[in-house]
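**Q** let me see the structure of the following:
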Amino acid sequence: MVNLTEEDKKIIRALQEDLPITKHPFLKIAKELGMEEQDLIEHIKRFIKKGIIRRFGATIYHDRSGFEANVMVAWKVEEDKISQTGKIMASFPEVTHCYARVSCPEWPYNLYTMIHGRNEEECYNIIKQIVKKTGLSVYRLLFTKRTFKRTSMKYF
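**A** Okay, the predicted model is just below:
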């Protein structure tokens with residue numbers, strides 16, 4: 001566990017928001033925090049080294065970019081094959097999330113993928129490719145019907 005200072009939390013609070021669309025986004029953030037850009041960058045490097053920040057990435061709203069279908073697939077995978085199977089599934093560019101969860105007698109599914117496609121047919125084709133590559137045959141499809149909330153986590 002890492003002990004964060006109040007300054008660390010202030011920086012993380014600023015970084016978890018959208019980066020400004022500007023030539024020097026960290027300079028703008030640093031000024032808003034009352035610090036020098038290089039000091040902010042050093043903090044970020046330290047956060048990355050300690051594993052507090054894993055990466056920076058863009059959030060693409062799939063439905064606004066032509067990918068109108070998405071499906072969470074719940075897969076039933078033998079426990080000793082979860083890691084290997086998860087790596088195979090995660091290798092598909094259309095899979096944005098792949099994670100293992102605990103199953104239960106009423107719901108035997110323990111590996112989940114979120115697949116995005118331009119339409120449902122494209123999602124089905126990706127699922128067929130995953131089935132072919134993994135040999136799995138027991139799964140449930142959970143297509144999104146309606147989105148109520150979609151945000152990034154806010155820690156502080």
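**Q** how many neighbours does Y109 have?
**A** 17 (other C-beta atoms under 10 Å). All C-beta atoms are positioned from the backbone trio N, CA, C, and that covers glycine.
**Q** and it, what does it touch?
**A** By C-beta atoms under 8 Å, 6 or more residues apart in numbering, the contact set of Y109 is 74-76, 101, 103, 138-140.
**Q** give me the pLDDT value at Y61.
**A** pLDDT for Y61: 68.
**Q** then the one 4 residues further on?
**A** pLDDT, the model's per-residue confidence, is 72 for S65.
**Q** quick one: it from R118, how far?
**A** Distance, S65 to R118, using C-beta to C-beta, to the nearest Å: 10 Å.
**Q** same deal with M35?
**A** 44 Å.
**Q** with E78 instead?
**A** According to C-beta to C-beta, E78 stands 32 Å off from R118.
**Q** the more surrounded of the two?
**A** Set side by side, E78 and R118 give different neighbour counts by other C-beta under 10 Å, the larger being at R118 (13 against 10).
**Q** tell me the pLDDT at the closest residue to I11 other than its chain neighbours?
**A** Excluding its sequence neighbours, the residue lying closest to I11 (C-beta to C-beta, 6 or more residues apart in numbering) is H43, at 5.3 Å. H43 carries a pLDDT score of 95 in this model.
**Q** from the contact counts, what lies against the helix or strand harbouring H43?
**A** Following DSSP states H and E, one finds H43 within helix 37-50. In terms of contacts (3 or more C-beta pairs under 8 Å, 6 or more residues apart in numbering; DSSP states H and E), helix 37-50 is packed against helix 6-15, helix 25-33.
**Q** tell me which of those helices sits nearest to S83.
**A** When the helices and strands packed on helix 37-50 are compared for distance to S83 using C-beta to C-beta, the nearest one is helix 6-15, at 30.4 Å.
**Q** could you dump the helices and strands packed on helix 37-50 into JSON lines and include distance to A69?
**A** Listed next are the helices and strands packed on helix 37-50 as JSON lines, based on distance: least, C-beta to C-beta, whole Å:
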{"stretch": "helix 6-15", "distance to A69": "32"}
{"stretch": "helix 25-33", "distance to A69": "32"}
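**Q** ok, now which ones touch R101?
**A** Neighbouring residues of R101 by C-beta under 8 Å, 6+ apart: 109-112.
**Q** just those now: which is nearest G57?
**A** Using C-beta to C-beta, Y112 comes nearest to G57 of the contacts of R101, at 20.4 Å.
**Q** distance of that closest one from V131?
**A** 15 Å.
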